[in-house]
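**Q** using only what follows, build the 3D model:
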Amino acid sequence: MATTAAETSGRVDRWPGLDLARAVVVGGLIPFHALLVFDATDDFYVKSERTADLLPIVAPVVVVAMPLLFLAAGIGTWHSWQAHGAGDHLRRRLRRLLVPQVVGTVLLVPLPVWLRLRADPGYTESYWAFWPRFFRVRWEWSEFPFVLQPAADGRGFETGHLWFLHLLLLYSLAVVPLLGWLGSAHGRRAVRALADGVGRRGIVLLPAVLLAGIAAGLGLDEGIAAGNVLGYLVFFAAGVVLATDVRFRRAVRRDAGPAAVAAVALLVGAGAAVLGGEADLLLDRDPLTLAGRAAFGAAGWCAVVAVLGGLARLRPPSGRAGRDGARDVRVVGYVTAAVLPWYVLHQPVLVAVAYLVVGSPLHPALEYLLICALSAVVTLLVYDLLVRRTALTRTLFGGA
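**A** Numbers count the residues shown, from 1 in each chain. This next block holds a predicted model:
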């Protein structure tokens, strides 16, 4: 197996292909969320009357996509902490996460909620009358970390798709003690001991047991992509730890194949546990459903290890000179900077497009393709023309 120069020197650099993986996952949210318009098992903002059970397609995406984003964010957090120090790192986190969360909640999230209400023929309230009602909220600490809940006379306040930014910010604050400890003498010794331990084949898959227990015991939340707040924190913290020593990368790369096999087997097992029954995989507590949910939780870790291990096998860019190399650098830079704004912008655009397209005389497959194409084009135009061209708009929507 090839070893990179960084690994030979012991230097811990950026995980190969991680920015590409983030871009693929976030870019893929448009075709994924467009599927939910036609999925009979999901309560999306806009629903077609012509639906089918798309769970066999949706579940494999759900099991890996958001866990991978959280783990990638943890890896990036360690590198940012090392490069900028505690104070600057936290200021950057607040700017990149809190600002677009507030701006997106004010400007973007109310639209999908209003369009959901418009599906009721008896609902005639204008958007401008609905918008201030959306922000009538109450504090509900029992719902932590989503403590803002709609007031009794409100119109359904929610964090919408920005729950991801909300959790990322909370996790960034929660792991500050871990980051400080990992940089201490005691922490470095613990990392070296742990890195020595993962030299044994299969050890890197053990966190799957913890995530299985979390999923089974605490349940899964459809509102956060069939995940769990504590489970996502484990992925985030694991990313921090994996970034601290190059031997973790070697272990993940070595065990990528077995991890992929285990992920497929566990996901099939999770499906078989509830196949053909009336059980709710997310919350029910009968033994068979608990086992299925545990398998689903474990599959997430195995799938992420498989993806990360595959990425770790990528060779670093050749750094070729000339016009093609410069163009490639520009494209990569453009895409990397667009990932977070694309996430912030994509769902309101998609819901609006779906609201206009669904119900047409087109075949559902053509409606789906049209929703995907129009949503991608509009999101790209909004980002390119309205967001990326000034420092202020980049800051407001999470641009680099």
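
**Q** where in the stretch 251-400 of the chain is pLDDT low?
**A** Counting by pLDDT under 70, the stretch 251-400 of the chain has low-confidence residues at 275-279, 315-328.

**Q** where do the strands sit along it?
**A** For the stretch 251-400 of the chain, applying DSSP state E, counting those that start in this stretch gives no strands.

**Q** then the stretch 1-150 of the chain?
**A** Counting by DSSP E, counting those that start in this stretch, the strands of the stretch 1-150 of the chain are 137-139, 148-150.

**Q** give the buried residues for whichever helix or strand comes after the last one.
**A** Taking DSSP states H and E as the definition, the helix or strand that follows strand 148-150 towards the C-terminus is helix 163-174. Neighbour-count burial for helix 163-174, with 16 or more other Cβ atoms under 10 Å as criterion, is recorded at 163-172. The way it works is simple: take the backbone N, C-alpha and C, and place the C-beta from them, glycine included.

**Q** of all the strands of the stretch 1-150 of the chain, which gets the most neighbours per residue?
**A** With neighbours defined by mean count of other Cβ atoms under 10 Å, none of these is more surrounded on average than strand 148-150, at a mean of 17.

**Q** what's in contact with stretch 255-265?
**A** 63-64, 201-202, 204-205, 208, 298-299, 302-303, 305-306, 308-310, 312-313 (Cβ atoms under 8 Å, 6 or more residues apart in numbering).

**Q** that one: how far from the chain's middle?
**A** Here stretch 255-265 is found 21 Å from its chain centre; the criterion is Cα atoms, centre = their mean, to the nearest Å.

**Q** ok, now stretch 359-376?
**A** The answer for stretch 359-376 is 25 Å, by Cα atoms, centre = their mean.

**Q** residues of it that come out buried?
**A** Quick answer for stretch 359-376 (16+ other Cβ under 10 Å): 364, 367-368, 370-372, 374-376.

**Q** filter the contacts of stretch 255-265 down to the ones in helices?
**A** Per DSSP state H, helices hold the following members of these: 63-64, 208, 298-299, 302-303, 305-306, 308-310, 312.

**Q** surely A303 and V63 touch.
**A** Yes - if you go by Cβ atoms under 8 Å, A303 and V63 touch, sitting 5.5 Å apart.

**Q** grab the nearest non-local neighbour of L267.
**A** A299 (4.5 Å; Cβ to Cβ, 6 or more residues apart in numbering).

**Q** and for H161?
**A** H161 sits nearest to Q347 (Cβ to Cβ, 6+ apart), 4.3 Å away.

**Q** and that neighbour, what does it touch?
**A** For Q347, the contact set (Cβ under 8 Å, 6+ apart) comprises 29, 33, 108, 112, 160-161.

**Q** so which of the strands of the stretch 1-150 of the chain comes closest to V102?
**A** Set against V102 and scored by Cβ to Cβ, those come closest in strand 148-150, at 11.8 Å.

**Q** neighbouring contacts of that closest one?
**A** Outside strand 148-150, the residues that touch it by Cβ under 8 Å, 6+ apart are 136-140, 143, 156-159.

**Q** ok, that strand: who's next to it in the sheet?
**A** Here strand 148-150 is paired, per DSSP bridges, with strand 137-139 (antiparallel).

**Q** mean confidence score for stretch 159-171?
**A** Mean pLDDT, computed over stretch 159-171, is 96.

**Q** could I have that stretch exported to CSV, CA atoms only?
**A** Backbone C-alpha positions of stretch 159-171 (Å, rounded to 0.1, in the frame of the first residue of the first chain) are rendered in CSV as follows:
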residue,chain,number,x,y,z
THR,A,159,-34.7,25.8,12.4
GLY,A,160,-35.4,24.0,9.1
HIS,A,161,-32.4,22.7,7.3
LEU,A,162,-30.2,25.0,9.3
TRP,A,163,-30.3,22.5,12.2
PHE,A,164,-27.0,21.4,10.8
LEU,A,165,-25.3,24.8,11.4
HIS,A,166,-26.9,25.0,14.8
LEU,A,167,-25.4,21.6,15.9
LEU,A,168,-22.1,22.4,14.3
LEU,A,169,-21.8,25.6,16.3
LEU,A,170,-22.8,23.8,19.6
TYR,A,171,-20.3,21.0,18.9
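
**Q** which ones are touching the most centrally placed residue in the chain?
**A** Closest residue to the average C-alpha location of the chain: M66 at 3.0 Å, with Cα atoms, centre = their mean. With contact set as Cβ under 8 Å, 6+ apart, M66 has these partners: 164, 224-225, 227, 232.

**Q** I'd like the distance between it and T105.
**A** Going from M66 to T105 by Cβ to Cβ, to the nearest Å gives 19 Å.

**Q** ok, now Y45?
**A** Distance of Y45 to T105, given as Cβ to Cβ: 16 Å.

**Q** swap in V58?
**A** Counting by Cβ to Cβ, the gap from V58 to T105 is 26 Å.

**Q** enumerate every residue touching the closest residue to A376 other than its chain neighbours.
**A** Counting by Cβ to Cβ, 6+ apart, the nearest residue to A376 once its immediate chain neighbours are dropped is I30, at 5.4 Å. I30 sits next to 346, 350, 372, 375-376, 379 when contact means Cβ under 8 Å, 6+ apart.

**Q** now do L71
**A** Counted by Cβ under 8 Å, 6+ apart, L71 has contacts 235-236, 238-239, 242, 304, 308.

**Q** how about L281?
**A** Per Cβ under 8 Å, 6+ apart, neighbours of L281: 220, 270, 273-274, 289, 292-293, 296.

**Q** any regions of the stretch 51-200 of the chain where pLDDT drops low?
**A** Looking at the stretch 51-200 of the chain by pLDDT under 70, you get 153-155.
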